[in-house]
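# Quick one: sequence plus predicted model below, questions after.
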Amino acid sequence: MKALYRRLGHKGLISLGIIVAALAALGTLPFWLDVDASYTGYYLFITCVYLTVAQGWNLIAGYTGQISLGTHAFFGLGAYTMAGLWLNGIGLYFFFDVTLMVVAGIAPAIVASIIGLLLLSRLKGDYLSFGTLGLAQIVYVLFVKGGKITGGANGIYLDASYFSSMRVYYWVALLVAVLATLAVWLLTRSSFGLALKAIREDDISAASHGVNVLKYKVLAFAMSAFLAGLAGSIYGYYLFHLEPASVFNMNWLFYPILMVVLGGTGTIIGPVIGSLICSALFAYGDIYFGGYHPIFSGFLIILVMRFMPGGIMGLVSKAPALWRKKEGAVATTTPE
Amino acid sequence: MTILLQVLINGVLFGTMYGIAAIGLSLVFGTMRIIFLAQGSMIVLFAYLTYWLFTLLGIDPYVCILISVPVAFMVGLGLFYTLFKDAAAIEDKNVSLLLAVGLMYMVDNLMLTFWTANPRFAATSYASYTIRIGDVNISFVRLMALVIALLAAFVVFYFLKRTRLGTAVRAASADMQAVKLLGISSNWVMAVAFGIGIGLAGLAGVVMASVYSFDPNYGFTFALKALVALALGGIGNVWGALSAGLILGVIESLGAYYIGAGWADAISYAVFILVLIFMPNGIFGGRAAVKKV
Amino acid sequence: MASPLLEVRNLSVSYGDVRALFGVSLTVEEGLIVALVGSNGAGKSTLLKAVSGLIYPTEGEILFEGEDLGRTSIRHRVNKGIVQVPEGRRLFPNLTVHENLKLGAYLPRTRAGYKDSLERVFSLFPVLRERQNGKAGLLSGGEQQMLAIGRAVMAQPRLIMIDEASLGLSPILTMAIFDLITTLHQQGTTILMIEQNVNMALKHCNKAYVMSTGHIVMSGTGEELLANEELRKAYLGRRAVTGNQGSGS
Amino acid sequence: MAAGDPLLVLDKVNKRFGGLRVIVDLDFQVNEEEIVGMIGPNGAGKTTVFNLITSIYKLDSGSIKFRGREIAGLPPHKICHLGIARTYQLVRAFLKMSVHDNVMTAAVYGGAHELSSKERTLSALELVQLESKRDVIAAHLTLSDRRLLEIAMGLASMPSLILLDEPMAGLTATEIDNLFTVIRATKEERKFSILWIEHKVDAVLDFCDRVGVLDYGAKIADACPDEVACDPKVIEAYLGEPPT
């Protein structure tokens, strides 16, 4: 315990406590709340799916500074990969097959690596964004036009009799979201994260300090595609009926972006807060406002970008700015 | 042979709208370095305005041009001063990109709520009128679209080449700081460029409503196509953008005919990515649209 | 006594945490050529930017004909007749020579006399008349500098501020540009110029200020400073001076 | 690799931007453990030379050899791995990261070395005396500390050549003194070579073993400091035509 305190300090220990308590509460939720009957179950499930995608986008856009607009393609690819393999009897043939889910993440990651090598080596800024967007639209058309292989615009059907309870979905999605957040957190605190942040800050300077800029951009891009694909496979298990219009929907691009920018781009907690808030707006907005909520989400993106581009975490970090400055000042005036 | 000719002509006529939209994008990008992804949504919005003016008030779409283009111009000025002015001034272009994304999403869904996803069309009495030259049929409204696009390109070209303000807009795309030093308001220059960009969206909206049936979901696809045309034509070249739009129309039309309808989109995006990768200056040369790493 | 055309009082400028100017004061009287010399990073360009309104000072004032410019816009200052020829010329390369000049006379005040200004520029720089329909980017370095100055003249300036007119030009062209600046001055325009070519600048000016690390360290007439050993030291360091004497040159 | 052996050799290097010849047939050499200055008026092409060496620009013709190996055309990070570090005139440290993370990034990615990246980070911070500020965000540092930080980032990759781009610009006299003390002491310990471009001549002449002078992208002098200071061509480049 003492060693832990020394490592984390006062604030770190409190944060750790909060996180452990929150995870314990969320993990045991199905035991004291009927997630099948309550809408909360669906809300938290879908929040976790979004959060997984959002953390992936956060890694490439927030930490690496490369805005990708191809997330929905990776999400859909993940869903279709899982479903296609399952239907063809590949994998261990049980519900939420881990191997299928991992493959569902790897497939889009491979696509992302290939397109990343082509695009990221030549383009940056807006054009990278539009290159990924164009790619996503191509993938969409391929699936709509895929005929028997993809089921075309009607999509494909999985065996819905596997559905037992929302509990399983909830736990799987929660576990994956927690692992995704943890993975992004660990990555960004490792030397890998140093390279990503350096690229975000100044890619030329990063290169002249020895960072292989292209390699790390592609890795981050592939990792974000992996998470999107993984989330896609979970959602695929939930849908049972996969069609291009639903799993390649632009919502799988825009909502995670909104969650990240609202919460705070390039922070680890930001996407968590953002996805909890936005997902509540969408999930309950559907109930209370019918189909209007996308209007508000568009408006929300505008408001956030116009008035607080740093997101909620940006505001939080600004609040104790005075105190922080003092701390910095002390540090800079005592070189001895 | 006749069929091929017909396909080509249809492609050219269809591509006019891409061309108009691309000219608008080019103006906005030239001055503000922003890719205005909501351009397609604005076009559909003004198509609905035309549709309303036509069905509710009985105003002919071509008369609508006199209303919707000035309105669109004002909307452009308004959008610039409320949303993009500050974003244009900062180095981080991701903010303005996401602003445009938010705007697109909001407008698309607003339209979906107001007008539903049912396709609409300003069914004028002359909408189905065709002109027959030899064995080739040319739709009157599509031909008008080409004429309008050429006129619009000429007006924009004249503005940029012959007027003081237009010259300032061109100068601004080379060096905003130097423009400021001459006492020219950089915000006004950007606002005007943005206004004209949206004004062209107003024009494209009229054309869209009079020629095609459209629905709210069309905006995003359309913005992407305009972007493809922009990438093909190279930034800062009015005729390049228009021609690229026409070429894109032909490519899609040929693709739809020979490979199958529905593949057209995939083909144009593939062209887009190939151009981005191998010809970042567009097929007409022009200024580099892409900063190389 | 009438107030000088430009008076800078106790001007300080910071870029974030980094201070670039420390309480600089200088005056430019109407009808003079004033030179501002000093090494790279001394703050000359910063001073010019503050006067033209590209940046606002943290302290001090800038008076033009006695009026405090405060935080007025660049446009306001150009309208008053303060025009800057920026470092590196900053032409619009894809525009024609004529279009570049046209933009110089953008403000309503200057449009009335547009034809006369154009004539004046063309008589000062005949080569620009010949190449008026060619793109500015295709001009040679010297011609580009002429165009940059010509563009400023189109604004009918009271005070032209020229930042490094000789940058990147050969000695012969530098000489030619300085002759043109002198002609411009004889026609009645007041000039404030920044120069690295110290000898040329001092020969062609009425008055000069020497800047170093954000301060003005010396001032005087061109002749005075040319004869000043301290100035050479400020530029090439102690060794240069002793070296010169040692070799008996 | 004894002191005095050729380390970096530029041979007939040319670079154009548009129609403008920025670097003209430049021959230049830096030897092991040598401190070489490169001076020249603003716009003479000094920084362009650095950008060519570090492969940020591609050269039009000529060759750049480092320890006998052609390095022109290698990607920038490979050049860092070979042992060339650089600083920028407008400091390009990673402003939102802490001092420690900045140096750590350079240490981790600066190539494989005997010492672990942690050890190299600590020793680099020690050498430039920034250990006490290791947790400060780079953006909060003063300009002179940022310069030291960039030098520490360079040191972390254990380079055999450091390129310094106008390290004195914008510093006060005391800060400059401190910077020199640090560079001198570090050089004593690490035995690397320095190629230093500078606009101000004085310090370069005092500090360097040899000085090259660049004017309009061409080398007009390359000799020991005393000789360079008396060279009429150099004086002309700096002060304009010789005073009569």
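Looks like it arrived, so ask away.

# Contacts only, for B:Ala122.
For B:Ala122, the contact set (Cβ atoms under 8 Å, 6 or more residues apart in numbering or on different chains) comprises B:50-51, B:54-55, B:61, B:209-210. Glycine gets a C-beta too; all of them are placed from N, C-alpha and C.

# and with 6 Å instead?
B:50-51, B:54, B:61, B:209-210 (Cβ atoms under 6 Å, 6 or more residues apart in numbering or on different chains).

# Tabulate these (TSV), appending distance to chain D.
Converted to TSV, those look like this (distance: Cβ to the nearest Cβ, whole Å):
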residue	distance to chain D
B:Thr50	46
B:Tyr51	49
B:Phe54	52
B:Pro61	47
B:Ala209	46
B:Ser210	46
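
# Now the spatially most central residue of chain B: phi and psi?
Nearest to the mean C-alpha position of chain B, counting by Cα atoms, centre = their mean, stands B:Ala21 at 0.7 Å. The phi/psi pair for B:Ala21 (degrees, to the nearest 10) reads phi -60, psi -40.

# Can I have the buried ones of the contacts of B:Ala122 as a ChimeraX selection?
The following ChimeraX line selects those of the contacts of B:Ala122 that are buried, judged by 16 or more other Cβ atoms under 10 Å in any protein chain shown:
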select /B:50,51,54,61,209,210
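
# follow-up on the earlier one: from D:Val91, how far off is the residue nearest to the centre of chain B?
43 Å (Cβ to Cβ, to the nearest Å).

# residue ranges of the strands in chain A, please?
A:156-157, A:241-242 (DSSP state E).

# Among the ones you listed, which comes closest to C:Leu138?
The closest of the strands of chain A to C:Leu138 is strand A:241-242. By Cβ to Cβ, the value is 58.8 Å.

# how about a markdown table for the strands of chain A, with distance to C:Leu169, mean neighbour count and mean pLDDT added?
Conversion of the strands of chain A to a markdown table gives the following (distance: least, Cβ to Cβ, whole Å; neighbours: other Cβ atoms under 10 Å in any protein chain shown; pLDDT from 0 to 100):
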| stretch | distance to C:Leu169 | mean neighbour count | mean pLDDT |
| --- | --- | --- | --- |
| strand A:156-157 | 71 | 18 | 87 |
| strand A:241-242 | 68 | 20 | 90 |
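
# Which pLDDT value goes with the residue nearest to the centre of chain B?
Here the pLDDT value assigned to B:Ala21 is 91.

# in the stretch 101-250 of chain B, which spans are helices?
B:140-162, B:164-174, B:176-181, B:186-211, B:218-233, B:238-258 (DSSP state H, counting those that start in this stretch).

# Ok, chain D next?
For chain D, the helices defined by DSSP state H cover D:46-53, D:76-82, D:99-109, D:117-127, D:143-156, D:173-190, D:201-207, D:225-230, D:232-239.

# got those as JSON lines, with mean pLDDT and mean neighbour count columns?
Shown next, in JSON lines, are these (pLDDT from 0 to 100; neighbours: other Cβ atoms under 10 Å in any protein chain shown):
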{"stretch": "helix D:46-53", "mean pLDDT": "91", "mean neighbour count": "23"}
{"stretch": "helix D:76-82", "mean pLDDT": "93", "mean neighbour count": "21"}
{"stretch": "helix D:99-109", "mean pLDDT": "94", "mean neighbour count": "27"}
{"stretch": "helix D:117-127", "mean pLDDT": "92", "mean neighbour count": "20"}
{"stretch": "helix D:143-156", "mean pLDDT": "91", "mean neighbour count": "26"}
{"stretch": "helix D:173-190", "mean pLDDT": "87", "mean neighbour count": "15"}
{"stretch": "helix D:201-207", "mean pLDDT": "80", "mean neighbour count": "20"}
{"stretch": "helix D:225-230", "mean pLDDT": "82", "mean neighbour count": "21"}
{"stretch": "helix D:232-239", "mean pLDDT": "74", "mean neighbour count": "20"}
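
# Ok, which of the ones you listed comes nearest D:Ala3?
That would be helix D:173-190 among the helices of chain D, by Cβ to Cβ, at 12.0 Å.

# Write out the residues of chain C neighbouring chain B.
C:74-75, C:78, C:84, C:86, C:90, C:92, C:94-95, C:99, C:103, C:106-107 (Cβ under 6 Å from any Cβ of the partner chain).

# okay, the strands of chain A in JSON lines with distance to C:Leu225 next?
Formatted as JSON lines, the strands of chain A follow (distance: least, Cβ to Cβ, whole Å):
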{"stretch": "strand A:156-157", "distance to C:Leu225": "85"}
{"stretch": "strand A:241-242", "distance to C:Leu225": "81"}
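
# which residues touch D:Gly154?
D:85, D:162.

# which residues sit in contact with A:Ala206?
A:Ala206 neighbours (Cβ under 6 Å, 6+ apart): A:198-199, A:213.

# Buried subset of the residues you listed as a ChimeraX selection?
Of those, the buried ones go into a single ChimeraX selection, burial set by 16+ other Cβ under 10 Å:
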select /A:198,199,213
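
# middle-most residue in chain C, spatially?
Nearest to the geometric centre of chain C sits C:Ile162, at 2.0 Å (Cα atoms, centre = their mean).

# Quickly list what that one is bridged to.
C:Val85, C:Met193 (DSSP bridges).

# That one touches C:Met193, doesn't it?
Yes - with contact defined as Cβ atoms under 6 Å, C:Ile162 reaches C:Met193; the gap is 4.3 Å.

# Give the residues shared as contacts by these two.
In contact with both C:Ile162 and C:Met193: no residue, using Cβ under 6 Å, 6+ apart.

# OK, contacts around whatever residue of chain C ends up closest to chain B?
Residue nearest to chain B within chain C: C:Val78 (3.0 Å; Cβ to the nearest Cβ). Residues counted as contacts of C:Val78 (Cβ under 6 Å, 6+ apart) are B:183, C:155.

# how about 8 Å then?
B:181-183, C:107, C:155.

# So, low pLDDT: which residues of chain C?
Scanning chain C for pLDDT under 70 picks out the ranges C:1-2, C:17, C:40-41, C:232-249.

# quick one: A:Leu187 and A:Ala195 touch, right?
No - contact criterion Cβ atoms under 8 Å: A:Leu187 and A:Ala195 do not qualify, at 10.2 Å.

# Those two - which one has more neighbours?
Taking other Cβ atoms under 10 Å in any protein chain shown, A:Leu187 and A:Ala195 do not tie; A:Ala195 has more neighbours (26 against 17).

# for that one, what are its contacts?
With Cβ under 8 Å, 6+ apart, A:Ala195 has these contacts: A:206, A:211, A:216, D:105, D:108-109.

# could you redo the last one with a cut-off of 7 Å?
Going by Cβ atoms under 7 Å, 6 or more residues apart in numbering or on different chains, A:Ala195 touches A:211, A:216, D:105, D:109.

# And it, how close does it get to A:Ala83?
In terms of Cβ to Cβ, A:Ala195 sits 35 Å off from A:Ala83.

# wait, what's in contact with the spatially closest residue to C:Gly81 that is not a sequence neighbour?
Take C:Gly81 and drop its neighbours on the chain: the residue closest to it by Cβ to Cβ, 6 or more residues apart in numbering or on different chains is C:Arg158, 3.2 Å away. By Cβ under 7 Å, 6+ apart, the residues touching C:Arg158 are C:5, C:81, C:190.

# From chain D, how far off is the second one?
This points to C:Gly81. Distance of C:Gly81 to chain D, computed by Cβ to the nearest Cβ, to the nearest Å: 28 Å.

# ok, back up a step: in TSV: the helices of the stretch 101-250 of chain B, plus mean pLDDT.
TSV is the format used below for the helices of the stretch 101-250 of chain B (pLDDT from 0 to 100):
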stretch	mean pLDDT
helix B:140-162	91
helix B:164-174	91
helix B:176-181	90
helix B:186-211	93
helix B:218-233	86
helix B:238-258	90
